[in-house]
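J.: Return a 3D structure for these sequence lines:
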Amino acid sequence: MRPLYYCVQRNRVFWSTRLSPLVDWAQVHEVDDVYVAGLLAHGGCPNRTPYRGVYSVPAGHAVDVTADGARIRPFWRLPIADAIRYGHESEYEDHLRFLFRGAVRCRVPTDAPCLCELSGGLDSSSVVSMAAEMVRTGEAKAERLVTLSFEHEGSLDKPFYTALERFCGFESIHVSTADHPFMTEIDAGGALPAFWGFGARENLP
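T.: Got it, this is the predicted structure:
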């Protein structure tokens, strides 16, 4: 769920979940032309970054670094080989709810605050609604559950996430995008421009 960047040099290895500090530590500032070409042609370049020699670890992979260099190896693949066939359409709906409920449950901590991003769209609203239901029934025992919404002037999503906030009754944090520019000269964000990159750095009060 979080990117991991790395840079292998002659006698040292750097890695970080944030690109900017790694680039500063490794003193790597040359532009990767392959990344730029991929960005212009396709909107991105898998597993590369704007900086030459700095890479991102592919999802489901690990990087082994030895005296002979770095090797990328897979440790997990999406289980798509086995198809599930039910006799009734409603059974697919039940299965989806079962999997979705489990996915939300395992991400709600019991010994720390839980922060749920709430944009007002279907995805985040579904996650927050499911978490609210599990907290209400005692299935999930979160120490504290807070929603985080990014606001901008004229947003069409505001009525939806505020209605859900009232319905769920959780604490809510609203962050104005006008107060937090998503990209500056000293903070380039991730490998791709990320409008909400600063959100990961917001702390609960």
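
J.: and the longest strand seen in the chain, which strands flank it?
T.: Taking DSSP state E as the assignment, the strand of the chain that covers the most residues is strand 144-151. Partner strands and pairing direction for strand 144-151 (DSSP bridges) are strand 113-117 (parallel), strand 171-176 (parallel).

J.: quick one: which of those is nearest Ser124?
T.: strand 113-117 (5.8 Å; C-beta to C-beta). All C-beta spots, glycine's among them, are computed from the backbone N, C-alpha and C.

J.: Any idea how far the helix or strand following the closest one is from the middle of the chain?
T.: Taking DSSP states H and E as the definition, the helix or strand that follows strand 113-117 towards the C-terminus is helix 122-137. Its chain's average C-alpha position is 18 Å from that of helix 122-137, according to C-alpha atoms, centre = their mean, to the nearest Å.

J.: now helix 122-137: mean pLDDT?
T.: Averaging pLDDT along helix 122-137 yields 92.

J.: Now do the buried residues in it.
T.: Across helix 122-137, burial judged by 16 or more other C-beta atoms under 10 Å covers 124-125, 127-128, 130-132, 134-135.

J.: And the residue of the chain positioned farthest from its centre, its phi and psi?
T.: Here the centre of the chain is the reference, and by C-alpha atoms, centre = their mean the most remote residue is Gly87, at 35.7 Å. When read as degrees, to the nearest 10, the backbone of Gly87 gives phi -80, psi -20.

J.: Would you check how far apart it and Asp94 are?
T.: 12 Å (C-beta to C-beta, to the nearest Å).

J.: okay, now the domains of this protein?
T.: 5-74, 102-201 (automatic domain parsing).

J.: Sketch out the low-pLDDT regions of the protein for me.
T.: Along the chain, the parts satisfying pLDDT under 70 run over 1, 180-205.

J.: go again using 80 as the cut-off
T.: Applying pLDDT under 80 to the chain picks out residues 1, 81-82, 142-143, 177-205.

J.: That one: strands as residue ranges?
T.: 5-9, 12-16, 54-56, 61-66, 69-74, 113-117, 144-151, 171-176.

J.: most tightly surrounded among the ones you listed?
T.: Comparing the strands of the chain by mean neighbour count (mean count of other C-beta atoms under 10 Å), strand 54-56 comes out on top with a mean of 21.

J.: from the middle of its chain, how far away would that strand be?
T.: On C-alpha atoms, centre = their mean, the centre of strand 54-56 falls 17 Å from the chain's centre.

J.: helices and strands around that strand, which ones?
T.: On a contact count with 3 or more C-beta pairs under 8 Å, 6 or more residues apart in numbering; DSSP states H and E, strand 54-56 meets strand 5-9, helix 19-26.

J.: Nearest to Ala81 among the ones you listed would be which one?
T.: strand 5-9 (30.1 Å).

J.: Direction-wise, compare the closest one with helix 19-26 and give the angle.
T.: 10 degrees (axes from the mean of the first three to the mean of the last three C-alpha atoms, to 10 degrees).
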